[in-house]
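Trainee: Sequence and computational prediction follow.
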Amino acid sequence: MPEPIIRTLDLAAIAAPQVDRSGSAPGQIQPGFVGDLARTEQPESPLTFEFAKIDDHGRFSGRTVLRELRWTAHTELDFVLRDHTVVVRERRGTAIQVTSRGLIQVPLPIRRWMSWGSGHRLLLVSSSRAGVLVLAGASILDDFARENFGALSEVTSQ
């Protein structure tokens, strides 16, 4: 059997050195390697993340989130402002639809309120369970990083 690509350190070999007949100097600990790296299943996130840019016509494309939400061309959408985000839901009888090319146009009043212009980067977060797409300016991640990762703030403040 070929040797595994990823090897793990056997901690028992470090804690209690074994007699070594390999010719190493006395007192050297020879770590033993176990067969395979134990893998644990990562829990599946109920959210899908994607980045997009607003084009010259106020539209963006988010193919991954559209696929996750099962929104196809002509799906009618409703936009609601909530805190510093925009919540988008499927709703019949609205004027905004997913285009045949998979683009979504953010209504002009919302773009103005959020100060989103052409080229503005958006963070798209979708939940297929709730059938919701949340739009936020990508700068929201800067705030998150500053609040949660102290090492980043040390590097970026210099």
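Mentor: Noted; the coordinates are in hand. Numbers count the residues shown, from 1 in each chain.

Trainee: where exactly do the helices run in the chain?
Mentor: For the chain, applying DSSP state H gives helices covering 11-15, 63-69, 108-114, 140-148, 150-156.

Trainee: The second one: which residues count as buried?
Mentor: Spelled out, that is helix 63-69. Val65, Leu66, Glu68, Leu69 (16 or more other Cβ atoms under 10 Å). C-betas here are computed from N, CA, C, even on glycine.

Trainee: Select, from those residues, the two members most distant in space.
Mentor: Leu66 and Glu68 (7.3 Å; Cβ to Cβ).

Trainee: So what's the residue count around Glu76?
Mentor: 15 (other Cβ atoms under 10 Å).

Trainee: now do Arg129
Mentor: Arg129, neighbours per other Cβ under 10 Å, totals 8.

Trainee: Walk me through the domains of this protein.
Mentor: For the chain, automatic domain parsing gives the domain ranges 1-40, 47-143.

Trainee: Out of these, which gets nearest to Gly150?
Mentor: The nearest among these, by Cβ to Cβ, is domain 47-143 at 14.1 Å.

Trainee: Poorly predicted segments of the protein, please.
Mentor: The model of the chain has pLDDT under 70 over residues 1-43, 151-158.

Trainee: Tell me where it has strands.
Mentor: 8-9, 33-34, 47-53, 59-61, 76-82, 85-90, 96-97, 103-105, 121-127, 132-137 (DSSP state E).

Trainee: Next, format these as a markdown table and append distance to Trp113.
Mentor: A markdown table is the format used below for the strands of the chain (distance: least, Cβ to Cβ, whole Å):
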| stretch | distance to Trp113 |
| --- | --- |
| strand 8-9 | 53 |
| strand 33-34 | 58 |
| strand 47-53 | 18 |
| strand 59-61 | 16 |
| strand 76-82 | 7 |
| strand 85-90 | 9 |
| strand 96-97 | 15 |
| strand 103-105 | 15 |
| strand 121-127 | 14 |
| strand 132-137 | 12 |
